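>>> everything below, folded, please.
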Amino acid sequence: MFKVDRLRFGTAGIPLSTPKRSTIDGIIHVRNLGLDAMELEFVRGVNLSPELAKKIKYVAKKHDVLLTAHAPYYINLNASEKAKVEASKRRIIQSAERLHQAGGWSVVFHAGYYLKQPPESVYQRILEALKDVQKELMDKGIKVWIRPELTGKPTQFGDLKEIVKLSEELEMVLPTIDFAHAHARNRGECNSTEEWREMLAFIEERLGREALDNMHIHMSGIEYTDKGERRHLNLQESDMKWEDLLRVLKEFKVKGVVISESPNIEGDALLMKKKYEEIEA
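Residues are numbered from 1 along each chain as shown. Now for the predicted structure:
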């Protein structure tokens, strides 16, 4: 995996203001906006041909736009039916393959659901499935980070400790930290300088400096209930203390990418990038 030179900011998918709705036009528009990353949205399926992926790689490199990808939503590595687990593994592998062909860096996915089972046994099943994914990708020479995401509901597998533990056990795995999801999952907590410092210190302690130098972050405002995440909001319409979070990221010298998942994807990406650049190191 190549190293990221700084903390970059980008959009979850093609910016809304892109004149022509294609991935290539989206990458060029990201750069024109003053952003430097974009997440390819494979959420409804990996609908990108290898040929187009190669063109995307050329355009992204030319415009210095870092590419990540979000694997399909239909992934549950803890499904009771073996066929569903196999299909889930295939979706992660296919997303990673296509991202690799596009010159990308990191693929994020929601690993699964507890389905009212003990978290320890769910963890073990997901670990075994990801071992298979990692082996196949390594055998194929595909080098991208595989990223289980910190999820927004307590019914979903993926609290901070679980995804960090997976990262300790698997060479190609690092977490995606969705700070809005952490806030929603914990019913309004995880929204202070102290808590974010604790999270980043925990990641560094368990995974080393490499993890902070290669962070894949999702950010948005969020609406939540006692059951966790309800929907994403724009930053300024939410209770997320996002400016304080940016200060903590700078304090910890985090590198990698911050992907805006707000409804106004590029508006909030630009808001965060501008604010981040104004913060004194």
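>>> quick one: the strands in this structure, in order.
7-12, 37-41, 66-70, 106-109, 145-148, 176-178, 215-219, 221-225, 228-233, 256-260 (DSSP state E).
>>> quick one, which of those strands gets closest to residue 249.
In terms of Cβ to Cβ, the element of the strands of the chain nearest to residue 249 is strand 7-12, at 6.4 Å. Every residue, glycine included, has its C-beta placed from N, CA and C.
>>> list of residues touching the closest one?
Residues outside strand 7-12 that contact it (Cβ atoms under 8 Å, 6 or more residues apart in numbering) are 26, 30, 35-39, 41, 65-66, 68, 70, 215, 218, 249-250, 254-261, 265-266, 269-270, 272-273, 276.
>>> and what of stretch 141-150?
1, 92, 96-97, 99-100, 104-111, 126, 130, 133-134, 137, 157-160, 162-163, 166, 170, 172-178, 181-182, 185, 214, 216, 218.
>>> again, but for stretch 17-32
So stretch 17-32 is contacted by 10-11, 13-15, 33, 36-38, 40, 48, 52, 55-56, 59-60, 63-65, 67, 266 (Cβ under 8 Å, 6+ apart).
>>> gap between that stretch and the chain center?
In terms of Cα atoms, centre = their mean, to the nearest Å, the centre of stretch 17-32 is found 20 Å from the chain centre.
>>> in that stretch, which residues are buried?
Residues of stretch 17-32 classed as buried: 18, 23, 24, 26, 27, 28, 29, 30, 31 (neighbour count, 16 or more other Cβ atoms under 10 Å).
>>> what about dumping the CA coordinates of that stretch to CSV?
Taking Å, rounded to 0.1, in the frame of the first residue of the first chain, the C-alpha atoms of stretch 17-32 are listed here in CSV:
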residue,chain,number,x,y,z
SER,A,17,-22.4,20.0,-8.6
THR,A,18,-20.5,17.9,-11.3
PRO,A,19,-21.8,19.1,-14.7
LYS,A,20,-21.7,15.6,-16.2
ARG,A,21,-22.4,12.6,-13.9
SER,A,22,-19.5,10.3,-14.6
THR,A,23,-16.7,9.1,-12.4
ILE,A,24,-14.1,10.7,-14.5
ASP,A,25,-15.9,14.0,-14.6
GLY,A,26,-16.4,13.7,-10.8
ILE,A,27,-12.6,13.3,-10.2
ILE,A,28,-11.8,16.4,-12.4
HIS,A,29,-14.6,18.4,-10.6
VAL,A,30,-13.2,17.3,-7.2
ARG,A,31,-9.9,18.9,-8.1
ASN,A,32,-11.6,22.0,-9.6
